[in-house]
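Q: Sharing a model prediction with you, sequence too.
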Amino acid sequence: MPLLRALTFHGIHVINAKFEPSMGFMGLVYSRLSSRPGVIIATAGPGVFGAISPTAQAFIEGDPMVIIATVVRDGRGTQMHQLPSDDAQLMAFKPITKATFRINNPEEVGDVLMKAFSIALSGKPGPVYVEIPLDIVNSDVEHAAKQQYNIERPLASDEEVAEVADLLAEAEYPVILVGRGVRIANAEKLVIKLAELLNSPIVTTVMAKDVIPSSHRLYAGVAVGKAGSMVAHEVLSKADVVLAVGNRFSEIGTGRYSLDIRGKLIHVNVDPYDLGRAYKPHISILSDAHYFLEKLLQELRKRNIRRREDIPGELRRLWSLENEDLDKYYTGPSGGIKPWEVIKAVRNVFVRKNTVFIGDVGAHRIESFLMPIYEGERYITTTSYVSMGLAVPGAVVASIMYPDRDVVGLVGDGGFLMTGLEVSTAVQYGAKPKIVVFNDSAYRVLGVYEKVRFGGVTDELVRLPQVNFAMLAESLGAKGVVVHDRSELISALEEALNTDKACVVEVHIDQKAIPIPYQRLYGISTL
């Protein structure tokens, strides 16, 4: 309370979340959209322990956050939120943060916080935990002088860059695989320049879908193995050299490791842990993506490059085949509303160039793997840590950050049941996110996994209660819209788009539908 009072007194905007995991997801999405550390402040015990899962996600996926928490150390051992060990909180956060600190006297505050911000942003960005005992929080201190923090990242050697340049210059069919590390390093323009110099197809991971506009002539889709774009699958399988920058080859992000790389793999990553862990590289380079790409462009411009001039035409042909295949699913669906119909409708309605999409975990999110993302748009999701509950709090904070942009949260009923009450936070702060709930009263993606592994679905393990999410939204002060029939889908989304407040669009979908990417991956069409 003293810390939060001081922040508000100094004009810092404090967002009061309703649930600690939601608070963590808000900080994560803030950092992902702004490229600045999200700051999480929580009380001891149940407050800060509630933020553990989002902190772990930030640690795995590279999101800078600073978690500030109190700790009780009064000697009695019976105060509320107090644990038997004064170090329990600190030790709990050690494995899931880049560093942990405890401030033991007021004079340390400035130095420790600067270290925390420096570490959070250096190397692979991630969370840092700072603990302040209550007696320190409650003490009066003089105003601390402003300090600068430093950001350090590993840099590729000239020899490494030259070796990669030689390999790419001589390659007959190079392909560039872009991970979110390219965005973290602010290197989006550099990687596009590289693709254009080589005239090579460029594919992205799911989490980097918003790095390359889908309309770019060299864009070849999202590379999730058989669960992604077939264009990406085709070009990767025939590439003689694959340059992968800023990705970690996660299980979900590779379509359960169905990603097919047959050529020489060059893997560039800022984190040594991720290099060569899932796919064996021909060359592995520990480096910041911006520095590496900048140096690589300089080296390639000194060389004669073997270029295949027909790449854009080849990609247009492959996209035509991909669209023909997708039309088999899109044309004349019968029965309940299919989740891909919802994704397609969302894409058709939200067409302004600055839309922010936040995808939760679940079958609906897998459907969005194939949704195109255009220039100026953002797409936020998780494929490494894969924690449910991201979309609603993420959409709320995104709408608070960007009140003039369209913000769309894509969430299943299971994800909404976890953190959906943060719609009340949107109402409280006048934010206007549009939350699309895929309501099938089930953890449908778990049903897919069970069907694939065990040949059937156990209803009691995946079934969820029937909830009227639109009515719940109305009770929280937002607008609620219900869709039962596909003929209502477009008009409902247009109504949400034109609503000047937070809006929940509850779409009742086919309970047995399997996402198109998983139909391709697993070869099954219904639960």
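A: Nice, I can see it. Numbers count the residues shown, from 1 in each chain.

Q: Any stretches of the stretch 201-350 of the chain with poor pLDDT?
A: For the stretch 201-350 of the chain, applying pLDDT under 70 flags no range at all.

Q: Now for this protein, the helix or strand with the poorest mean pLDDT.
A: Every helix and strand in the chain was compared by mean pLDDT, DSSP states H and E; the lowest is helix 134-137, with a mean of 87.

Q: Let me know how buried Asp404 is, in neighbour terms.
A: 7 (other C-beta atoms under 10 Å). Where C-beta positions appear, they are placed from N, C-alpha and C, glycine not excepted.

Q: residue contacts, it?
A: Going by C-beta atoms under 8 Å, 6 or more residues apart in numbering, Asp404 touches Asn354.

Q: Skip the chain neighbours and tell me the closest residue to the residue nearest to the spatial centre of the chain.
A: Among the residues of the chain, the one closest to the centroid is Thr381, at 3.1 Å (C-alpha atoms, centre = their mean). Spatially, and ignoring its direct neighbours in sequence, Thr381 is nearest to Gly359 (3.8 Å; C-beta to C-beta, 6 or more residues apart in numbering).

Q: give me the number of residues near that neighbour?
A: What Gly359 shows, counting by other C-beta under 10 Å, is a neighbour count of 30.

Q: how close does it sit to Ala120?
A: For Gly359, the distance to Ala120 (C-beta to C-beta, to the nearest Å) stands at 24 Å.

Q: for Asn269, same thing?
A: Shown here: Asn269 relative to Ala120, a distance of 18 Å by C-beta to C-beta.

Q: How about Ile343?
A: Applying C-beta to C-beta to Ile343 and Ala120 gives a distance of 34 Å.

Q: between these two, which one's more packed in?
A: Neighbour totals were compared for Ile343 and Ala120, and Ala120 leads with 28 against 24 (other C-beta under 10 Å).

Q: tell me the contacts of that one?
A: Applying C-beta under 8 Å, 6+ apart to Ala120 gives the contacts 37, 64-66, 98, 126-128.

Q: same deal with Ala58?
A: Per C-beta under 8 Å, 6+ apart, neighbours of Ala58: 24, 27-28, 31, 64-65, 126-127.

Q: Give me the three-state assignment for Tyr67.
A: No, residue 67 isn't Tyr; it's Ile. strand (DSSP: H, G, I helix; E, B strand; the rest coil).

Q: so it makes contact with Ala116?
A: No. Checked against C-beta atoms under 8 Å, the pair Ile67 and Ala116 is beyond contact range at 9.0 Å.

Q: What are the boundaries of the helices in the stretch 101-250 of the chain?
A: For the stretch 101-250 of the chain, the helices defined by DSSP state H, counting those that start in this stretch cover 109-121, 134-137, 158-170, 181-184, 188-198, 230-238.

Q: between those, which gets nearest to Gly47?
A: Set against Gly47 and scored by C-beta to C-beta, those come closest in helix 134-137, at 12.5 Å.

Q: before we move on, the earlier item: would you point out the most distant pair within the contacts of Ala120?
A: Farthest pair in these (C-beta to C-beta) is Pro37 and Lys98. Separation: 11.4 Å.

Q: give me phi/psi at Asn439?
A: For Asn439, the backbone dihedrals (degrees, to the nearest 10) come out as phi -100, psi 110.

Q: And for Ile509, the neighbour number?
A: Using other C-beta under 10 Å, Ile509 has 26 neighbouring residues.
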